[in-house]
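Undergrad: with the input below, show me the fold.
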Amino acid sequence: MREMKQKILFVSSCVLNTAAKVVMYNKEQMAAEESLRKRFLHQAVDAGIQLVQLPCPEFTLYGSRRWGHTKSQFNNPFFRAHCKKQLEPIFMELEEYLSDPERFEILGFVGIDGSPSCGVDYTGQGPSGGSLRGRDDLDEVIAKGHLAKEPGVLFDVIGEMLAERGMDIKLTGLFAPEEEKVLSLIGSEPSESA
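TA: This next block holds a predicted model:
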């Protein structure tokens with residue numbers, strides 16, 4: 001008798017390892033994301049869902065002491081090629097799981113909305129380029145940063161790689177203001193306080 005299928009999710013690096021994230025200073029936003037991240041992880045593990053960690057292209061290029069960036073800074077051929085190179089072994093793993101549909105069920109990919117790399121529905125956008133030194137308009141430049149309704153670079157590349165292979169796999173963002181997106185992926189409901 002065949003056992004139940006193993007359910008698999010591919011998750012952004014910082015879903016499992018927040019040490020890879022850029023340092024954030026908005027305490028309220030950090031607390032909301034961390035609460036949802038923990039709830040998602042506990043419920044996924046309790047449901048027996050297997051989690052495959054994606055690489056963090058920002059960390060592997062710029063390390064832990066990097067500044068925050070916007071998608072426009074990362075959306076260049078060099079960073080996109082870096083993302084694709086890091087994703088190649090992940091896609092080989094995905095293809096192997098998909099080759100045995102009797103045993104495995106791929107639930108999708110989970111990103112972090114707001115991230116310039118791992119955003120799925122939302123990414124950080126804003127002006128970029130040039131030296132910070134000697135500028136008298138930094139407050140104006142920073143104020144132009146915003147959440148854009150589009151994917152970050154890594155998840156844009158994931159979408160392209162899925163399309164190239166003819167794979168229709170769900171991409172979902174972990175995003176505290178819309179917690180139902182990621183929780184419904186694992187068959188859970190958002191809390192009533194949301």
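Undergrad: how about the secondary structure of the most centrally placed residue in the chain?
TA: Of all residues in the chain, the one closest to the mean position by CA atoms, centre = their mean is Gly111, 2.2 Å from it. Here Gly111 is recorded as strand under DSSP: H, G, I helix; E, B strand; the rest coil.
Undergrad: so which residues make contact with the lengthiest helix in the chain?
TA: In terms of residue count, the longest helix belonging to the chain (DSSP state H) is helix 77-98. Here helix 77-98 makes contact (CB atoms under 8 Å, 6 or more residues apart in numbering) with 8, 10, 52, 54-55, 57, 60-61, 104, 106, 117, 153-154, 156-158, 161, 165, 167, 169. C-beta here means a position set from N, CA and C on the backbone, and glycine is covered the same way.
Undergrad: 10 Å instead, please
TA: Helix 77-98 has contacts (CB atoms under 10 Å, 6 or more residues apart in numbering) with 6, 8, 10, 13, 50, 52-58, 60-61, 69, 71, 73-74, 76, 103-106, 109, 116-117, 152-158, 160-162, 164-165, 167, 169.
Undergrad: okay, it in CSV with CA atoms only?
TA: These are the backbone C-alpha positions of helix 77-98, laid out as CSV (Å, rounded to 0.1, in the frame of the first residue of the first chain):
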residue,chain,number,x,y,z
PRO,A,77,21.6,41.2,-16.4
PHE,A,78,24.4,40.5,-13.8
PHE,A,79,22.1,40.0,-10.8
ARG,A,80,19.5,38.1,-12.9
ALA,A,81,22.3,35.7,-14.1
HIS,A,82,23.4,35.2,-10.5
CYS,A,83,19.8,34.3,-9.5
LYS,A,84,19.5,31.9,-12.4
LYS,A,85,22.8,30.2,-11.7
GLN,A,86,21.8,29.7,-8.0
LEU,A,87,18.4,28.4,-9.0
GLU,A,88,19.6,25.7,-11.5
PRO,A,89,20.2,23.1,-8.8
ILE,A,90,16.9,24.0,-7.2
PHE,A,91,15.1,23.4,-10.5
MET,A,92,16.9,20.0,-10.9
GLU,A,93,15.5,19.1,-7.5
LEU,A,94,12.1,20.3,-8.5
GLU,A,95,12.2,18.3,-11.7
GLU,A,96,13.1,15.2,-9.8
TYR,A,97,10.2,15.6,-7.4
LEU,A,98,7.8,16.2,-10.4
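Undergrad: list the buried residues in the helix or strand containing Lys181.
TA: Lys181 belongs to helix 180-185 when assigned by DSSP states H and E. Neighbour counts over helix 180-185 (16 or more other CB atoms under 10 Å) mark Lys181, Val182, Leu183, Leu185 as buried.
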